[in-house]
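Take a look and give me a structure for this.
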Amino acid sequence: MFCVYALFPRGDILKKSNEKTKYIYAGLTAFAVLAAGMLMIYIIFRKKELAAAVEVVKSILEPFIIGGVLAYLLAPLCNTYERWMNKLLPDKKWKPKLAATLAVAMSSLSAIAVIAVLVLLIVPATLKSLVSLVLSVPGLVMDFINWSNERLADYPQLKKYLMNAVDVVYDKFDNWTQLQLMPSIQTLLSGVGSSISLIFTFALNIVIGFIISIYLLASRKLFARQSKMLLYAVFRPKSADLIFGEVKYADRMFSGFLRGKVLDSAIVGLICFVFLKIMNYEDVMLISVIVGVTNIIPFFGPFIGAIPSALLIFVTSPIKCVYFVIFIFILQQFDGNILGPKCMGSTTKLSAFWILFAILLFGGLMGFVGMIIGVPLFAVIYDIVKKLVYFLLHKHGRDDMLPAETEDTADPPDGAEEQPASAEPVQTAQTADNAAPAE
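Here you go, the predicted model:
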């Protein structure tokens, strides 16, 4: 050792150690870049195999996805029931566990009741309306022809054009029936076995997903504690606080939007049902279901639901169609300005342009589900990018470019390093560490 210190003074040894560490980091960075490039090449040239593998994993995890969505939607109701039980039950040692068990049972029974109402009331009425509509098409066509003959008797040229248009539409409908509809029905009948298998698999996944949701609801507090402990064990307190805050923001966005949107759409469908029933419209249940379900989709939902509903009403009564359009316009104004904010609470704070962008983007990527979750998902992404931009502006000394209302929230870097991490997460983690073995 003396010889080493004699040949290399301590400063030279530290200098060589720092240079060695720098080369190690450079090598690891080069390896990571090379590995990422190879992974991207593999994804590009093996995208079909990768998509097939993802589809297999998705089919395996489908019950867990269904269970997670159900548990997330039922969690507020379960928490409400648990608060009620804690107030009603006597102060005994078994009170917390019994309250939690009863809350999970009551929320699960509430979900079963809602599903039963949908299946037993709405689905048969909707199918009946669809069947009656299909059977009434020939009679409606004949009524339209008789009406045109009576009204256009003094206008033979216009009547000729109209009859030609009706003949063209009828011929196209007949050709579509013979060339596309009948072969499709034959193909469907020939594949009844596989269709029944798919329906059975889907029903089985829903049942298993519902059972999984019960387990998730019963263990939701334990999972939340364990996730928080893992977060603060893996990351530094400052980084863990940032991630935890963003997760809470995402939960606020999704819970406020999805749960509120479901409640809002149910109320809109119920209001539409009452109005149509009072005004003695036909196909009341079918139109109410269309209006309520499509109202879940932001921005485009009211138009998607109103157009086919108006066409269904127009073929039976044009004047009722006009009244329906006026009613839908008033209902959407009431929903957008009064009912929607009350149900959804905190808004996504996105402009109309970004809402339209999110719906088109995620709708194209994920279909109908993407149109529903696209707005809150994009709101979370937008918030992350906004905070990153504020952080970089502060780091570069450009606080003058920050909006006045966000300067306080955009100032986390230096001040947060000087202050210790808040005691609340640490205390929660310690409490969870003591409580986990007991459970």
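
Low-confidence ranges, the stretch 1-150 of the chain, go.
The stretch 1-150 of the chain contains residues with pLDDT under 70 at 1-20, 130, 133-134, 137.

switch to 80 and redo it
1-27, 42-43, 46-47, 51, 118-150 (pLDDT under 80).

Break down it into its helices, ranges please.
2-7, 10-45, 47-88, 95-117, 123-151 (DSSP state H, counting those that start in this stretch).

Take the ones you listed and lay them out in JSON lines including mean neighbour count.
Just so you know, the C-beta spots here come from the backbone N, C-alpha and C atoms, and that holds for glycine as well. Below are the helices of the stretch 1-150 of the chain laid out as JSON lines (neighbours: other C-beta atoms under 10 Å):
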{"stretch": "helix 2-7", "mean neighbour count": "8"}
{"stretch": "helix 10-45", "mean neighbour count": "10"}
{"stretch": "helix 47-88", "mean neighbour count": "14"}
{"stretch": "helix 95-117", "mean neighbour count": "15"}
{"stretch": "helix 123-151", "mean neighbour count": "12"}
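
Can you classify Y281 by secondary structure?
At Y281 the chain is in coil, as set by DSSP: H, G, I helix; E, B strand; the rest coil.

so what's it up against?
I287, I313, K320, F324 (C-beta atoms under 8 Å, 6 or more residues apart in numbering).

Tell me how many other residues crowd the first one.
I287 is flanked by 25 other residues according to other C-beta atoms under 10 Å.

can you tell me how far it sits from V325?
12 Å (C-beta to C-beta, to the nearest Å).

do the second one as well
Going from I313 to V325 by C-beta to C-beta gives 9 Å.

Show me which of those two is the more surrounded one.
Taking neighbours as other C-beta under 10 Å, I313 and V325 compare with I313 leading, 22 against 16.

nearest spatial neighbour of the more buried one, skipping sequence neighbours?
The shortest distance from I313 to any non-neighbouring residue, by C-beta to C-beta, 6 or more residues apart in numbering, is to C321 (4.5 Å).

what about that neighbour, distance to M279?
Taken as C-beta to C-beta, the span from C321 to M279 is 12 Å.

Please identify which helix or strand holds the residue nearest the centre of the chain.
Nearest to the geometric centre of the chain sits I373, at 3.0 Å (C-alpha atoms, centre = their mean). Applying DSSP states H and E as the criterion places I373 in helix 368-395.

Go through that helix and flag the buried ones.
Residues of helix 368-395 classed as buried: 370-372, 374-380, 382-383, 387, 390, 394 (neighbour count, 16 or more other C-beta atoms under 10 Å).

and what of stretch 241-260?
Here stretch 241-260 shows 241-242, 244, 249-250, 253-260 as buried, counting by 16+ other C-beta under 10 Å.

Looking at the residues you listed, which are in helices?
Members of these lying in helices (criterion: DSSP state H): D241, L242, F244, Y249, A250, M253, F254, G260.

Out of these, which comes closest to M229?
The shortest approach to M229 among those belongs to F244, at 11.5 Å (C-beta to C-beta).

Could you check what's spatially nearest to K261, not counting adjacent residues?
I296 (5.5 Å).

circling back to that earlier point, turn the ones in helices among the buried residues of stretch 241-260 into a markdown table, columns for pLDDT.
Below are these laid out as a markdown table (pLDDT from 0 to 100):
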| residue | pLDDT |
| --- | --- |
| D241 | 92 |
| L242 | 90 |
| F244 | 92 |
| Y249 | 89 |
| A250 | 89 |
| M253 | 86 |
| F254 | 86 |
| G260 | 81 |
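
Looking at these, spot the one nearest G340.
G260 (7.7 Å).

Relative to A26, how far out is the closest one?
51 Å.

ditto for I381
32 Å.

Give me the phi and psi for Y155.
Main-chain torsions, Y155, degrees, to the nearest 10: phi -130, psi 80.

Tally up the residues packed near it, please.
For Y155, using other C-beta under 10 Å, the count is 12.

List the residues that contact it.
Here Y155 is in contact with no residues (criterion: C-beta under 8 Å, 6+ apart).

returning to what we had before: regarding the residue nearest to K261, which helix or strand does it belong to?
Applying DSSP H and E, one finds I296 in no helix or strand.

Just the pLDDT for it.
Here the pLDDT value assigned to I296 is 84.

who touches it in this structure?
K261, V262, S265, I372.

possible to save those as a markdown table with pLDDT?
Formatted as a markdown table, these follow (pLDDT from 0 to 100):
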| residue | pLDDT |
| --- | --- |
| K261 | 84 |
| V262 | 83 |
| S265 | 87 |
| I372 | 82 |
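
Any of the residues you listed buried? List them.
Judged by 16+ other C-beta under 10 Å, buried ones among the contacts of I296: K261, V262, S265, I372.

Closest one to F303 out of the contacts of Y281, please.
Among the contacts of Y281, and counting by C-beta to C-beta, the member closest to F303 is F324, at 13.9 Å.

ok, so what distance separates the closest residue in space to that closest one that isn't next to it in sequence from I328?
Nearest non-adjacent residue to F324, counting by C-beta to C-beta, 6+ apart: I313, 5.2 Å away. Note on I313: its distance to I328, by C-beta to C-beta, is 11 Å.

same question, N79
35 Å.

Next: L73.
Taking C-beta to C-beta, one finds L73 at 27 Å from I328.

Low-confidence regions, the stretch 201-350 of the chain specifically.
For the stretch 201-350 of the chain, the ranges with pLDDT under 80 are 259, 283, 298-302, 311-312, 314-318, 336-337, 339-350.

wait, which of the ones in helices among the buried residues of stretch 241-260 is closest to F64?
Using C-beta to C-beta, these come closest to F64 at F254, 17.7 Å.

surely that closest one meets V375?
No: F254 is beyond contact range of V375, at 9.9 Å (criterion: C-beta atoms under 8 Å).

what's the one helix or strand V325 maps to packed up against?
Under DSSP H and E, the secondary-structure element containing V325 is helix 318-334. Counting contacts by 3 or more C-beta pairs under 8 Å, 6 or more residues apart in numbering; DSSP states H and E, helix 318-334 packs against helix 260-278, helix 301-314.

and of these, who's closest to G363?
Comparing the helices and strands packed on helix 318-334 under C-beta to C-beta, the one sitting nearest is helix 301-314, at 11.3 Å.

so what does that closest one touch, helix or strand wise?
helix 284-294, helix 318-334.
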